[in-house]
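Chemist: Pasting the sequence and the predicted model now:
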Amino acid sequence: GFGKADKDDGPSKVDISESNYNEFDGYGGALFNDTPYEHDDEEADRIYEAIDERMDERRKRRREEQVLENMKKFRQERPKISDQFADLKREMANVSQEAWESIPDVGDYSLKQKQKKKADTYTPMPDSLLDSQRGQGNHSALA
């Protein structure tokens, strides 16, 4: 609202010359600073605030609807894995006990892979160990 800053500094003139005008902000000073802030100004401010809140609510609702719509569209294009296998999960309820028991176990082959990698790993010996072995003349101990 205008006239909210009820400072009475005496007669003051607002500089509304071209040198105080900015293309973006307008005039540098408050044009209506010297007018009183009355009851109808308060009412108008309340009305504008209510309208702003209502518009924000509408924008928020539209934004939420847009997000839901985008999510549905995304799920249609790229469904979740659990949705892709939902029909197979339902069919598993009809699998007989014999068929279920005939499914082979996968087993854990990760330990074998680790052991293979471990065998291929070489650790270099320090020079001091090599020198001590060389000094003893025991060449078969290094192999």
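Modeler: Now that the structure is in, tell me what you want to look at.

Chemist: From now on I want contacts and neighbour counts done on CA atoms only, so please keep to that.
Modeler: Will do.

Chemist: the strands in the protein, which residues?
Modeler: For the chain, applying DSSP state E gives strands covering 21-22, 26-27.

Chemist: Out of the ones you listed, which gets the lowest mean score?
Modeler: Per-stretch mean pLDDT for the strands of the chain is lowest at strand 26-27 (a mean of 70).

Chemist: still on that earlier bit, highest mean neighbour count across the strands of the chain, which stretch is it?
Modeler: Of the strands of the chain, the one with the most neighbours on average (mean count of other C-alpha atoms under 10 Å) is strand 26-27, at a mean of 14.

Chemist: okay, the strands of the chain in TSV with distance to Met125 next?
Modeler: Below are those laid out as TSV (distance: least, C-alpha to C-alpha, whole Å):
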stretch	distance to Met125
strand 21-22	78
strand 26-27	80
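
Chemist: for those strands, which one sits closest to Glu43?
Modeler: Nearest of the strands of the chain to Glu43, taken as C-alpha to C-alpha: strand 26-27 at 25.7 Å.

Chemist: On the pLDDT front, check Tyr109 for me.
Modeler: 68.

Chemist: before we move on, back to that, Gln76: which of the strands of the chain is closest?
Modeler: When the strands of the chain are compared by C-alpha to C-alpha, strand 26-27 sits nearest Gln76, at 50.1 Å.
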